[in-house]
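Asks: Next come a sequence and a model predicted from it.
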Amino acid sequence: MAYNQMLQSTIEGVKSIARTDLCLMDTEGNVIAATNEEAQQYKESVLTFVDSPAEIQVVQGYQYFKILDGTTVEYVMLIRGDSDDIYTIGKLVAFQIQNLLSAYKEKYDKENFIKNVLLDNMLLVDIYNKAKKLHIDAEERRLVFVIETNRQRDNHAMEVVKSLFTGRHGDYITAVDEENIILVKGLDPKETYDEMQTLAKTIVDLLNTEAMINARIAYGTIVHNIKDISRSYNEAKMALDVGKIFYDEKSVIAYNKLGIGRLIYQLPIPLCKMFIDEIFPGTTPDEFDEETLLTIRKFFDNSLNVSETARQLYIHRNTLVYRLDKVNKATGLDLRVFEDAITFEIALMVVRYMHYMENKIY
């Protein structure tokens, strides 16, 4: 659709200069772009011209030009007038459209190729052969970003991201599903993860200000061969999921910074249930009231420091001790003891993961 709009804009621009009507049809006589409403009446003559050996002919006051894709006729262009000047204009326009067609097909082929590599849909030998044919460097350093916008097929978000990378060689922006935008970023030899973190934050800020979208971005690890971008893509997808479960306050999540969240995410659900039943028989650590859970989270944030936690919660130290004793009675874990605190924190994360997976399934 965007390509057809570009063709329509092109011939309208030519009409404003040459002051004559133009029309572009495919090989089945369908109008692709036109500056007048009479184009459909020339369908039969266009079909006859497509099957003829002639490259140019004049019919009913229009000059017909074939536009080729390699050796195959892709379009027929009609331009009103039979003078030499109109012929020259027609040749120039046909040449321009043929170049646009080649450029568009190359771009489409590259995007389609990147999608197939991301989804691991190609054999290794085909990846290298196709990359060579499309002039894509197979050995370039790359990293994959997954940008979640929470809006299905948000074209405005896609355009905002593309605007940030226009003209950058080696960067590819595409989509493989209805929800996420994928950026395959080509890296300079000295670019690091710190710079990728800064770039991700820039994209989030841009989407927030330009498209009014609260986006989340995850990225995988740097790979050095095009065959491995599928691995970086899968890492980014995992990081996005892990971020939703354990780090929902973050808008940028790096696969190499997931910590224990990555480990828990890869545990089978039956093993998680066994762990919770073993540590908390008959209950779960998330069944406490919100006040108690807030107290526990703040206590952990302050490295098990009772005085500092009480100060930040604006409660008496004895009140905090009472709440911690209540947790101890319910679970058998004394959160003032480092080992018990770690057990409780991991249990909270495991329960969060189990709830997420259950909601994802249903």
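Replies: Ah, there it is.

Asks: Please give me every residue in contact with the residue lying closest to Lys227 once chain neighbours are set aside.
Replies: Distance criterion Cβ to Cβ, 6 or more residues apart in numbering; nearest residue to Lys227, sequence neighbours excluded, is Ile127 at 5.4 Å. In this view, the C-beta of every residue, glycine as well, is placed from N, C-alpha and C. By Cβ atoms under 8 Å, 6 or more residues apart in numbering, the residues touching Ile127 are 117, 138, 226-227.

Asks: neighbour-wise, which of the residues you listed leads?
Replies: Val117 (23 neighbours; other Cβ atoms under 10 Å).

Asks: quick one: the helix or strand harbouring that one to chain centroid distance?
Replies: Per DSSP states H and E: Val117 is located in helix 84-118. Taking Cα atoms, centre = their mean, to the nearest Å, one finds helix 84-118 lying 25 Å from the centre of the chain it belongs to.

Asks: Likewise for stretch 212-225?
Replies: Here the centre of stretch 212-225 is set off from its chain's centre by 8 Å, with Cα atoms, centre = their mean.

Asks: same thing with stretch 63-80?
Replies: In terms of Cα atoms, centre = their mean, the centre of stretch 63-80 is set 36 Å apart from its chain centre.

Asks: and it, how far apart are its ends?
Replies: Using Cα to Cα, to the nearest Å, the end-to-end distance of stretch 63-80 comes to 6 Å.

Asks: Is the spatially most central residue of the chain in a helix, a strand, or coil?
Replies: Centroid-nearest residue in the chain: Ile181, 1.7 Å away (criterion: Cα atoms, centre = their mean). At Ile181 the chain is in strand, as set by DSSP: H, G, I helix; E, B strand; the rest coil.

Asks: Report the separation between it and Glu191.
Replies: 21 Å (Cβ to Cβ, to the nearest Å).

Asks: ok, which stretches of this structure are strands?
Replies: Remark: strands assigned in the chain by DSSP state E are 22-26, 31-34, 56-59, 62-69, 72-80, 142-148, 172-174, 180-186, 216-219, 252-254.

Asks: and Arg317, which of the ones you listed is closest to it?
Replies: Closest approach to Arg317 among those (Cβ to Cβ): strand 252-254, 36.4 Å.

Asks: so how far is that closest one from its chain's centroid?
Replies: 14 Å.

Asks: Kindly report the same for stretch 250-257.
Replies: Per Cα atoms, centre = their mean, the displacement of stretch 250-257 from the mean C-alpha position of its chain is 16 Å.

Asks: Give me the buried stretch members for it, please.
Replies: Residues of stretch 250-257 classed as buried by neighbour count (16 or more other Cβ atoms under 10 Å): 251-255.

Asks: Give me the pLDDT for Tyr108.
Replies: pLDDT for Tyr108: 68.

Asks: can you give me the helices in the stretch 201-350 of the chain?
Replies: For the stretch 201-350 of the chain, the helices defined by DSSP state H, counting those that start in this stretch occupy 229-246, 260-265, 269-279, 290-301, 306-313, 317-331, 338-361.

Asks: Just say which of those is most tucked in.
Replies: helix 229-246 (a mean of 21; mean count of other Cβ atoms under 10 Å).

Asks: List the contacts of it.
Replies: 114, 117-120, 142-146, 148, 180, 182, 184, 216, 218-223, 250, 253-255, 258, 261-262, 264-265, 349, 352-353, 356.

Asks: Now do the domain split for this structure, please.
Replies: The chain breaks down by automatic domain parsing into domains covering 2-109, 138-262, 267-361.

Asks: returning to what we had before: could I get the pLDDT score of the residue nearest to Lys227?
Replies: 91.

Asks: How about Ser307?
Replies: With respect to pLDDT, Ser307 scores 91.

Asks: What of Asp154?
Replies: Per-residue pLDDT puts Asp154 at 64.

Asks: Quick one: end-to-end distance for stretch 300-315.
Replies: By Cα to Cα, the extent of stretch 300-315 from end to end equals 16 Å.

Asks: same question, stretch 256-266
Replies: 15 Å.

Asks: got it, and stretch 243-250?
Replies: Terminal-residue distance, stretch 243-250 (Cα to Cα): 7 Å.

Asks: Let me have the buried residues of stretch 250-257 in CSV, adding pLDDT and distance to Val73 as columns.
Replies: Below are the buried residues of stretch 250-257 laid out as CSV (pLDDT from 0 to 100; distance: Cβ to Cβ, whole Å):
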residue, pLDDT, distance to Val73
Ser251, 93, 50
Val252, 96, 49
Ile253, 96, 50
Ala254, 96, 50
Tyr255, 96, 48
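
Asks: just the residues you listed now: which is nearest Pro281?
Replies: Ile253 (33.9 Å).

Asks: Greatest separation within the buried residues of stretch 250-257: which pair is it?
Replies: Greatest spacing in the buried residues of stretch 250-257, by Cβ to Cβ: Ser251 and Tyr255 (15.4 Å).

Asks: Quick one: residues contacting the nearest residue to Lys130 once chain neighbours are set aside.
Replies: In space, and not counting its chain neighbours, Lys130 is closest to Phe113: 5.4 Å by Cβ to Cβ, 6+ apart. Listed by Cβ under 8 Å, 6+ apart, the contact partners of Phe113 are 130-131, 134, 136.

Asks: With Phe145 instead?
Replies: With contacts taken as Cβ under 8 Å, 6+ apart, Phe145 has the following neighbours: 182-183, 185, 196, 200, 203, 217-219, 236.

Asks: Farthest-apart pair in those, please.
Replies: Largest pairwise distance in the contacts of Phe145, by Cβ to Cβ, is 14.8 Å, between Ile182 and Met196.
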